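**Q** dropping a prediction and its sequence here:
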Amino acid sequence: MTARQMKLGLFLWATGHHIAAWRHPDAHVTAGIDIDHYIALARTAEAAKFDMVFCEDAAGLREANVNIASQTSRSIGFEPISLLSALAAQTERIGLVSTASTSYNEPYGLARMFASLDNLSGGRAGWNLVTSASPIEAANFGATGLRPHADRYARAREFATVITGLWHRKPAGHDGESFSVRDPLDIPPSPQGAPVMVQAGASNDGKDLAARTADVVFSAAQTFEEAKAFYDDLKGRLAAYGRQPDDVKIMPGVAPIVAATKGEAQAKYDALQELIPDDVGVALLSSYLSISDLWRYPIDGPLPELPESEGMKSRQALVIEQARRDGLSIRELARYFAGARGHWRIVGTAGEIADELQARFEGGAADGFNVMPSWFPGELDAFATLVVPELQRRGLFRKDYEGRTLREHLGLKRPV
Amino acid sequence: MHLAVSLDIAVTDSQDILDFGQISAFVRDLEAAGVDMVVISDAADAPSTSPFEATTLLAALATVTEKIGLVASASTLAHQPYNLARRFASLDIISHGRIGWNATLRQNPREAANFSRPEGFSDDDFRRRAEEFINIVRLLWVSWEHDALLFDKVSGRFHDPDKMHLIDFTGEFFSVRGPLNVARSPQGVPVLVMSGLSETELDFVSRRADAVLLDKREPDAKATSDEIKRRAHEAGRNPATMKVLAVADARPEFDGRKLKELCLSSGCDGIALNVEARTAALKDFIERLLPDLERQGFAKARSGKTLRDRLGLSEDRRP
Ligand SMILES: Cc1cc2nc3c(=O)[nH]c(=O)nc-3n(C[C@H](O)[C@H](O)[C@H](O)COP(=O)(O)O)c2cc1C
């Protein structure tokens, strides 16, 4: 019996997770049109024995303001199911997880796509279910605009019921509020039985759906206390659905910057921070605060008093809390959040980073981590060559894959 | 004479199902022989027994081949135009410009029943919806200009905002703002293949298609082919910028000479051969029929890297 080991995912994001990553002198700036870049990243992660690579997704631009958008690398990229299908043929062991929206797909079609990816990869596919909260996406799927949160989740619940029914070979036929499906799925199951279900919703509806259906949950947390509270909340919801705590793996995001010395790591981080254009940073911060006119206030002054958001309430509260606690100016705050979009950031040596990951893992705040390199390929290489061996030395991470499928890597049961 | 091979992965006999290794070995053999493109058909009226869906299979095939054109069928009922436009643009980038979309214009009742349209569409509604869908996909494909991406790390300009365009499309069935969130693909516009035509669609097909697959049951392929080219000319196109292929089954009694006769008598630019996705059918095709077809002047590998180049098509720059 080996000790419990952490799970590691590699969160792919073109040039990297830092908003200015693409401007880093060594960043692979053509990532969004270069399949070989992704093949290389996936192989690096596979050689380091990561459980999976993960692709986020949105069916539209990320930023409505064209001038701001043109100063980031995020308006173009690969459609992720195609990308991962290509990676399936170019890797052997690593899990392949893609985001897809329940708002802009049909369950029968998505069930076929992921079942096909699962077969192409020999049982390594996973689906990150999202409900899509962006009006920019909504405008690409009809003029009706973004539907209310509760409606999106009602549709998502029905979607999840139908798609798991199809994957798990339940008797055919569904005639519901949003969907009707007549036939059983016409694609045979892969060696892992059905793709792994992933979720990252932070609302009450989101956490509840995850407790009911997810195998893996992604989250964003700054402090140990936040991470622990989320972990306990989600695991606490499982019993209501007849599930065990170990049936769901919770993997918060972490954006490490690692170097041989802490000073060197800090210098790498500072250099990246210098590359953020002010208006890009302020635009990103404004979106977290759900206000449009933050640029009116002096950038080196404090955050003004703000009305409570109707958008992302929890994210707004987190930003305001951070500003007050550390006495940050608008510029400082914008830079802070541009680094990892609200995810946990650690700057230090491999030993220091391993210490921090170990503390959250052993302290019951995480089953593993979704690693978000600040820029590609450099920060992935640094993590793979410096941090992973340190985790392996401590017995916290595998030295080789235990099995072939993503379910086997994650220690999940095969669906019956 | 152009040669396309249509691999029908939706076989209904579940005894002999091809895995990815067998399919990719077959496609590499086609590539070595200079076949212009392989068309992966999907979702027939009967349930498929294949472990793969066509577009995902194409992405994987794109990484293990270098020259052959790769075309997947995808229906306008099973997808949203924005999603489908993204998928094919991505495939075109992954394959370095070898992708085509086979837009089938025939409604599939099985699909309607599984995609929350139990009542289906009337034929006329289906046709108008399909045409709108295809037009939107094209508009999305050209929503970024070729030189829009600047990658200028020093000035901080990733792209030129003036070279990215909303499409702001509002039609009878869809409304789509755009732009696509995938860059302009290597072919500019992936090759648009149309099949499953009826008389009412000939105008649309003549204006829009890069390649047309004529139904193998078509009683007079020559008349249809001539008519399509005539209408293309009327619509202001050079008919040479469109290829019409006659479709036939790769049956054991066919040899290269017979297929050449069929191609010449149909007045088509080439032929698309249906091969069943069974081990024996693939073997017979590669070992017997393909060398014979090569001898008859099919599948002469042309220069050029993209599928458009191979088919002798220029980029579609029509409005
Ligand atoms: C690691 C991580 C990755 C995410 N990836 C996506 C994504 O790719 N696309 C998306 O629309 N939302 C993504 N989200 C957002 C959530 O899935 C979710 O949609 C959001 O939190 C709003 O849901 P809620 O209202 O339940 O909180 C991600 C969140 C996290 C923490």
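**A** Looks like it came in fine. Residues are numbered from 1 along each chain as shown, chains lettered A, B, ... in the order given.
**Q** next one, pLDDT for residue 215 please.
**A** Here I'm looking at chain A. Note on residue A:215: pLDDT of 98.
**Q** switch to chain B, that's the one I care about
**A** 83.
**Q** likewise residue B:44?
**A** 68.
**Q** same check, this time on residue B:104
**A** 86.
**Q** residues contacting residue 152?
**A** Went with chain A since none was named. The contact partners of residue A:152, taken as CB atoms under 8 Å, 6 or more residues apart in numbering or on different chains, are A:102, A:103, A:131, A:132, A:133. The way it works is simple: take the backbone N, C-alpha and C, and place the C-beta from them, glycine included.
**Q** to clarify, I was referring to chain B.
**A** Taking CB under 8 Å, 6+ apart, one finds residue B:158 in contact with residue B:152.
**Q** nearest to residue A:179, of the contacts of residue A:152?
**A** Ranked by distance to residue A:179 (CB to CB), the contacts of residue A:152 are led by residue A:102 at 9.9 Å.
**Q** what number of residues lie near the closest one?
**A** Neighbourhood size, residue A:102 [other CB atoms under 10 Å in any protein chain shown]: 25.
**Q** dihedrals phi and psi, it?
**A** With angles defined as degrees, to the nearest 10, residue A:102 sits at phi -80, psi -10.
**Q** please apply the same query to residue A:6.
**A** Residue torsions, per degrees, to the nearest 10, at residue A:6 are phi -80, psi 150.
**Q** also residue A:329?
**A** Dihedral angles (degrees, to the nearest 10) for residue A:329: phi -80, psi 170.
**Q** do the same with residue A:54
**A** Backbone geometry at residue A:54, expressed as degrees, to the nearest 10, gives phi -130, psi 130.
**Q** which secondary structure element contains residue 308?
**A** Picked chain A for this. Take DSSP states H and E as the rule and residue A:308 turns out to sit in neither a helix nor a strand.
**Q** my question was about chain B, not that one.
**A** Taking DSSP H and E as the criterion, residue B:308 maps to helix B:307-311.
**Q** average model confidence for that helix?
**A** Helix B:307-311 comes out at a mean pLDDT of 95.
**Q** which residue is it, in the stretch 201-350 of chain A, that comes closest to chain B?
**A** residue A:277 (5.5 Å; CB to the nearest CB).
**Q** list the contacts of that residue.
**A** Neighbours of residue A:277 in contact, by CB under 8 Å, 6+ apart: A:20, A:71, B:156.
**Q** run a quick neighbour tally on the closest residue to residue B:126 other than its chain neighbours.
**A** Closest residue to residue B:126 apart from its sequence neighbours, by CB to CB, 6 or more residues apart in numbering or on different chains: residue B:107 at 4.6 Å. Using other CB under 10 Å, residue B:107 has 21 neighbouring residues.
**Q** strands of the stretch 201-350 of chain A, residue ranges please.
**A** Applying DSSP state E, counting those that start in this stretch to the stretch 201-350 of chain A gives strands spanning A:216-219, A:249-258, A:344-348.
**Q** list the residues that contact the residue lying closest to residue A:181 once chain neighbours are set aside.
**A** Excluding its sequence neighbours, the residue lying closest to residue A:181 (CB to CB, 6+ apart) is residue A:174, at 4.5 Å. Shown in contact with residue A:174 (CB under 8 Å, 6+ apart): A:161, A:162, A:165, A:180, A:181.
**Q** repeat for residue A:81
**A** Contacts here follow CB under 8 Å, 6+ apart; on that basis residue A:81 touches A:98, A:100, A:113, A:114, A:117, B:55, B:56, B:59, B:87.
**Q** which SS class is it?
**A** Under DSSP: H, G, I helix; E, B strand; the rest coil, residue A:81 falls in the helix class.
**Q** for it, give me the pLDDT.
**A** 98.
**Q** quick check: it vs residue B:190, distance?
**A** Distance, residue A:81 to residue B:190, using CB to CB, to the nearest Å: 17 Å.
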